[in-house]
Each structure stands twice: as C-alpha cells, then as structure tokens.
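[1] 3D, please:
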Amino acid sequence: MCQGYDYECEYESGSSKLSAKRPAVSEESLSRPEEKVARLTSPHSTSKQNTDSSILPGILEPSKARYVGRYSSIAFPLYVGLEVQATKLPRLHSFAYHSGIRKEPPCAVTHKISEKVSWNATRSLIEVYKATIHPVFGFLDMDHFYTLCEKHWHGQPQDMVFEAMVSGVLALSSLFNGNLDQDVEMWLMLHAKEILEDCSISRFPSLEQIAAWILRAIYIRCTGRPHVAWLTSCTIMHLVEATGLHHASEFMSQMTGSVAPSPEISSTAIRTAQVATCLHIVIAFEYGRSIMTVNRQTLEQPLPAIREDDLTHQLCALVLALPVTQITGDSAGMAEELSAALEQVVNAPVGHDFLRLLRADLALGVYRRLRIMDSKSQQMHNDRVITVGTAALPAARRLVSQGQPWWNVIGTTFQFACALLAMDTTSGCERLVETMDSLEFVVDQLNTHLAREALSTARQLARASLDKKRKGVEALERVVGPPLPDPSAAQKEPQTPQDLSALSPSLDHQFSFDLDSLWAMEFQLPL
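    Sure, this is the predicted structure:
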C-alpha cells in the first residue's frame, strides 16, 4: 500500500512486520501538499498521453478497490488532512454521509445453489459456457473458475458474490442448451439478482461483482426487455467506475505498488473492463439511449489470446469503431464521423457467427442515424449495409439451427428486412426475398410468440410497400393513358378488317336477309 501511494515505509527494528505508525512523509511533500495529493490521484491526472477532459483524476483505495474522484466529499477530509499536515490522516471514509439513526440491514441471502444443481450438471453446463459464450465474451479465468466451483460443491463454500457468478454461468448455459428445467434456470437468475442487490453485499464492489452483473446483463439481453437490459448495463459501468476499472492499467499498478502485477490478474481485470464497456455500448447504441462516459483506451488495450478461439479482441474492435457521442447540431461533421464508422464496422474482420450478426447490428445502427441526418452519400451507405446484412443471414440460420438463441438471430434479420424496405431500391428489393426466407426459417426454428410477431410485422411492412408501389403505378397509368399503336408495326401486320363492309362494299347486298329471323326459325330434323 505504501508503495502504491508513494509513501516511505517505516519498519520496527528486528521485525518483519509493517509498523503501525503512519508512513513517514518527506519534508518536501509536507512543504508542497498539492504535490502529495497529486501522487494519491490517478496517474491520468499527470499523464501527457491522455488529454480527455471527461476523465477526471481520482483516488483508488487499494485495500477495497474503491475509486472516487478527488473532488468527492469522501476524499475531501483526506486532502484537508494533507494540507494541514495532520499527524494522523483521516481514512478514505464516508464521514457524516447521513445521520446514522438506523442500522444497515443484514445479509438476507444464503448459499443454496449446490442444493438446486448437482455437481455433474454444473460441470456439463460449464463446458457449454466455454464452448458458446466464453469465446466472444472472454472475461472469466475459466480454469480458476472451475477450481473454485469444485471447492464450492465439495465442502469449501466460496463467498456469496461467487455464487452469483456461478448462477449466471449456469443460467446462460441452460439457455443455450436447455439441460436444466426452466423453473430452475429462472431460480438461478433470481438468486443471482437477490445476491447482487443485497445491501450488505453490494456496498463492497469488486471484480467478481462486475463479472456477475455482466453475466446477468447478457441473460437479460437474450430474454428480457430493452429498458431493463440498458439499466443493467449502466449498473455495470457504475461498478466499473467504483472499482477503478475504467483506468484498468492504473488500477493494477495501484493495487500492487511498484511490483509488477501477475499477468493473470492484469488480464482478468482489463478483460472485465473491456467486456463491460462493449456490452454497455452495444445495448445503448442499439436502443438509442445515452452511453455513459467511458475510457476508450480500455478497449484499445492489447491482450494476448487466452486460447485459439478467443475472439474478445474482435468484439472490442467492432465497438471501438462506433462514435459514442450524441448527435449534435453539426450535422455535416457528425455525418462524416458516422460514415467513417460505418466503413470501419463493415470492414472489421470477424470469426464467429454471433460477431457477424453483431457487425450487421452495429452497421444498421449507424445507418439509422445517417438516415435521420439525410446524408448525401445515401447509396454508398445502402450498399455497405446490404453487404454486411447479407453476410449475416447464413450466420443467423446456423446459430438457430445449433440451438444458440443469441438475441440477434432474430433481431438482425428482422432489422435488415426493415432497412431494405426503407431503402426502396432495386438492389434492396432483390435481397429482400433472401432476407424474408431467412426470417421465416429462424421463426420456424424458434416457434415463439415474439418470433412470429416479428415475421408478421415484416410481412405487413412489405405488403404496405407493395400497396404503395401499386398506387404509384396506377397513378402513372392514368397520367399516360392507354398505349399508342406503333405505326411501323401496323404496316407490317396483315390486315384483318373488323368491318366486312370495309373489305367488300357489295357484301351487304349479297346478304340481304334478316339474320335474326334466321336464328329464330325452327328446324325439323329426322329422328
């Protein structure tokens, strides 16, 4: 801790224990308290590389991994103590935050997961998670996680936050293969929610809590409402800030002082920050809600692949291409930024069917914003969206055939169909047939109310588009009138006069009898 805070440590003579005395403060630091305070703040406050004014300096308490801004009321007593050169510095604590007339409620949840799910089922579900979700959202150390699970099920219970993590992993795995009863799956998610929202547990934010919330957000995005998914993603970002993960590299250096952090811990912390940021941006960008201020350098942090199918870096590259600022009055500048983002998203390499769908999702999100701004290069944007949307159709068919109900197996296909109808171009209409066929295939495989509702809506929009075109054609036909005969064609065709008198003027005289009386005559035919 002293190394992390740049203190000079004092040790008792003949003892390896750290002295209980307050770490010594140099005379130079005492004479310049502002400099001492700067050492306690995040390195971003003095970094020349970071000029983002939205990232404000703050303090990270290593023992609790708690981050607060230096302007916080929680940190102010500590700064005052430094400035007045107090012998005993106040700790980083919420002094006088409220009147304190009520006690905090005790923890209301207990360990129950091992009673609901057997160890054999747990092992099987962990393998499902590793094969389906972990390649794209690779933020868990699966080997370490498996070891802790084994202990948890065999007489060495871990803490409650770990049980929330396990509940999220098992519920997601069950969603993707259906091994558990739906009632048990629902219980797992409610159990995790109960743990994460418990006052006595949530007051101590941690890396494990963020991981459990990420798992919860993915499950809600696959099964719940957009507003709830967005709220959950915002909670994750608040926890990222509370633990200092929005400055992931500085977080690790503060925690370990001058000693280099172990690669495993550093990788887990940075990966957790990356996945949390990506998930929040994807949900907010698609839903059209505000995106919380994030440190984009977190997404740029290179990490070694944890295994061959680790594609988390591709997820980060897709999200990093998006502009996270809100649409402003500078329509020209914003349109240029969105156009560049669309090109980057379309050209981003992806190696997983979910990422192919996500790439199309993000491209459609950029396209919707460009349509509102009425950009001049509309045809170029249409072509890019058609390219990336068409590439997503086989991915949706494959995923739904494999029983992997990612949220965009139906969403991407439906949104692409809507975009093609909105484009109202020849190339768009040509792709609409394949898109609707894919949508029908996905709906048949899912066979749910929401899927059938999406197909019905897409057909309704297509029918409305057809009616609109028919009305336009009818209006044009009334304007131009019946087609005029071609004189050249009339000369070449043999004459077939309709009026016999025109063919032979004397023909009327040759047939002078009354034809009506002829048809009225009765003929007696021999039997």
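
[2] Are there helices or strands packed against the helix or strand where Leu299 lies, and which ones?
    Per DSSP states H and E, Leu299 falls inside helix 297-300. Applying 3 or more Cβ pairs under 8 Å, 6 or more residues apart in numbering; DSSP states H and E, we find helix 297-300 packed against helix 263-287, helix 312-320. Bear in mind the C-beta positions are built from the backbone N, C-alpha and C, glycine included.

[3] other SSEs contacting the longest one?
    In terms of contacts (3+ Cβ pairs under 8 Å, 6+ apart), helix 263-287 is packed against helix 207-223, helix 226-243, helix 248-256, helix 297-300, helix 312-320, helix 353-373.

[4] My read is that Leu215 contacts Leu170, right?
    No - with contact defined as Cβ atoms under 8 Å, Leu215 does not count as touching Leu170 (9.6 Å).

[5] Least confident of the helices and strands packed on helix 297-300, on average?
    Among the helices and strands packed on helix 297-300, helix 263-287 carries the lowest mean pLDDT, a mean of 87.

[6] where does it sit relative to the chain's centre, distance-wise?
    The chain centre lies 10 Å from the centre of helix 263-287; the measure is Cα atoms, centre = their mean, to the nearest Å.

[7] how much does it deviate in direction from helix 312-320?
    40 degrees (axes from the mean of the first three to the mean of the last three Cα atoms, to 10 degrees).

[8] In helix 263-287, which residues are buried?
    Residues of helix 263-287 classed as buried by neighbour count (16 or more other Cβ atoms under 10 Å): 266-286.

[9] now the strands for the stretch 101-250 of the chain?
    Counting by DSSP state E, counting those that start in this stretch, the stretch 101-250 of the chain has no strands at all.

[10] so where's it uncertain?
    Residues of the stretch 101-250 of the chain meeting the criterion pLDDT under 70: 247-250.

[11] quick one on the thing from earlier: looking at Leu215 and Leu170, which one has more neighbours?
    Leu170 (29 against 26; other Cβ atoms under 10 Å).

[12] From Ser73, how far off is the more buried one?
    Per Cβ to Cβ, to the nearest Å, Leu170 is found 41 Å from Ser73.

[13] repeat for Gln156
    With Cβ to Cβ as the criterion, Gln156 and Ser73 are 40 Å apart.

[14] cool, and Tyr97?
    In this view, Tyr97 and Ser73 are 8 Å apart by Cβ to Cβ.

[15] if we can go back for a sec, with just CA atoms, put the helix holding Leu299 into CSV.
    What follows is helix 297-300, C-alpha atoms only, in CSV (Å, rounded to 0.1, in the frame of the first residue of the first chain):
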residue,chain,number,x,y,z
GLN,A,297,-8.2,3.4,-24.1
THR,A,298,-9.6,0.4,-22.2
LEU,A,299,-10.8,-1.1,-25.5
GLU,A,300,-7.5,-0.3,-27.2
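
[16] Now the longest helix along the chain: buried residues?
    Using DSSP state H to define each element, the chain has its longest helix at helix 449-480. Within helix 449-480, the residues scored as buried using 16+ other Cβ under 10 Å are 451, 454-455, 458, 462, 465.

[17] Spatially, which two of those are the most separated?
    Within the buried residues of helix 449-480, Ala451 and Ser465 form the most distant pair, 21.6 Å apart (Cβ to Cβ).

[18] Let me see the domain layout of the protein.
    1-96, 107-320, 331-472 (automatic domain parsing).

[19] Those: which one's closest to Pro485?
    domain 331-472 (26.0 Å).

[20] Would you work out how far apart the start and end of the closest one are?
    Length of domain 331-472, first residue to last, Cα to Cα, to the nearest Å: 32 Å.

[21] With stretch 218-229 instead?
    8 Å.

[22] How about residues contacting it?
    The contact list for stretch 218-229 (Cβ atoms under 8 Å, 6 or more residues apart in numbering) reads 133, 137, 168, 171-172, 175, 189, 217, 232, 279, 283, 287, 405-407.

[23] Repeat the analysis, applying 6 Å as the threshold.
    Identification of contacts with stretch 218-229 by Cβ atoms under 6 Å, 6 or more residues apart in numbering yields 171-172, 189, 232, 283, 287, 407.

[24] same deal with stretch 94-102?
    Contacts for stretch 94-102 (Cβ under 6 Å, 6+ apart): 74, 77.

[25] mind redoing it with 10 Å?
    68, 72-74, 76-78 (Cβ atoms under 10 Å, 6 or more residues apart in numbering).

[26] For the residues you listed, pick the one with the most neighbours.
    Counting by other Cβ under 10 Å, top hit in those: Leu78 with 23 neighbours.

[27] which element is it on?
    helix 76-83.

[28] Summarise which helices and strands that helix is packed against.
    helix 33-40, strand 58-61 (3 or more Cβ pairs under 10 Å, 6 or more residues apart in numbering; DSSP states H and E).

[29] for the record, mean pLDDT for it?
    Taken as a whole, helix 76-83 has a mean pLDDT of 83.

[30] Also stretch 474-488?
    77.

[31] Give the burial count for Phe162, as a bare number.
    21.

[32] oh, I was asking about Arg70
    The burial count assigned to Arg70 is 18, neighbours taken as other Cβ under 10 Å.

[33] coming back round to it: make CSV out of the helices and strands packed on helix 263-287 and add distance to Leu342.
    Shown next, in CSV, are those (distance: least, Cβ to Cβ, whole Å):
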stretch, distance to Leu342
helix 207-223, 23
helix 226-243, 23
helix 248-256, 29
helix 297-300, 18
helix 312-320, 12
helix 353-373, 4
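
[34] Out of those helices, which gets nearest to Ile195?
    Of the helices and strands packed on helix 263-287, nearest to Ile195 by Cβ to Cβ is helix 207-223, at 7.6 Å.

[35] tell me how far the closest one is from the chain's mean position?
    The mean C-alpha position of helix 207-223 is separated from the chain mean by 12 Å, Cα atoms, centre = their mean.

[36] quick check: angle from it to helix 263-287?
    30 degrees.

[37] Now do helix 207-223 against helix 226-243, angle only.
    Using the same axes, to 10 degrees: helix 207-223 against helix 226-243 is 170 degrees.

[38] Which stretches in the stretch 301-450 of the chain count as helices?
    312-320, 331-347, 353-373, 378-401, 408-423, 426-446, 449-480 (DSSP state H, counting those that start in this stretch).

[39] elements contacting the shortest one?
    Where contact means 3+ Cβ pairs under 10 Å, 6+ apart, helix 312-320 is packed against helix 263-287, helix 297-300, helix 331-347, helix 353-373.

[40] Now distance to Glu83 too, for those helices, in TSV please.
    Converted to TSV, the helices and strands packed on helix 312-320 look like this (distance: least, Cβ to Cβ, whole Å):
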stretch	distance to Glu83
helix 263-287	32
helix 297-300	31
helix 331-347	44
helix 353-373	48
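
[41] Could you check those helices and tell me which one is nearest Pro90?
    helix 263-287 (28.2 Å).

[42] tell me the angle of that closest one relative to helix 353-373?
    Helix 263-287 runs at 40 degrees relative to helix 353-373, counting by the same axes, to 10 degrees.

[43] Among the helices and strands packed on helix 297-300, which comes closest to Ala422?
    For those, proximity to Ala422 was assessed by Cβ to Cβ; helix 263-287 is nearest, at 16.7 Å.

[44] in the helix holding Leu299, what's buried?
    297-299.

[45] Out of those, which comes closest to Glu208?
    Thr298 (18.7 Å).

[46] is it fair to say Val68 lies in a helix?
    No - assessed with DSSP: H, G, I helix; E, B strand; the rest coil, Val68 is strand; it does not lie in a helix.

[47] what sits opposite it in the beta ladder?
    Ile59 (DSSP bridges).

[48] That one and Ala242 touch, don't they?
    Yes - here Val68 reaches Ala242: they are 8.4 Å apart, a contact under Cβ atoms under 10 Å.
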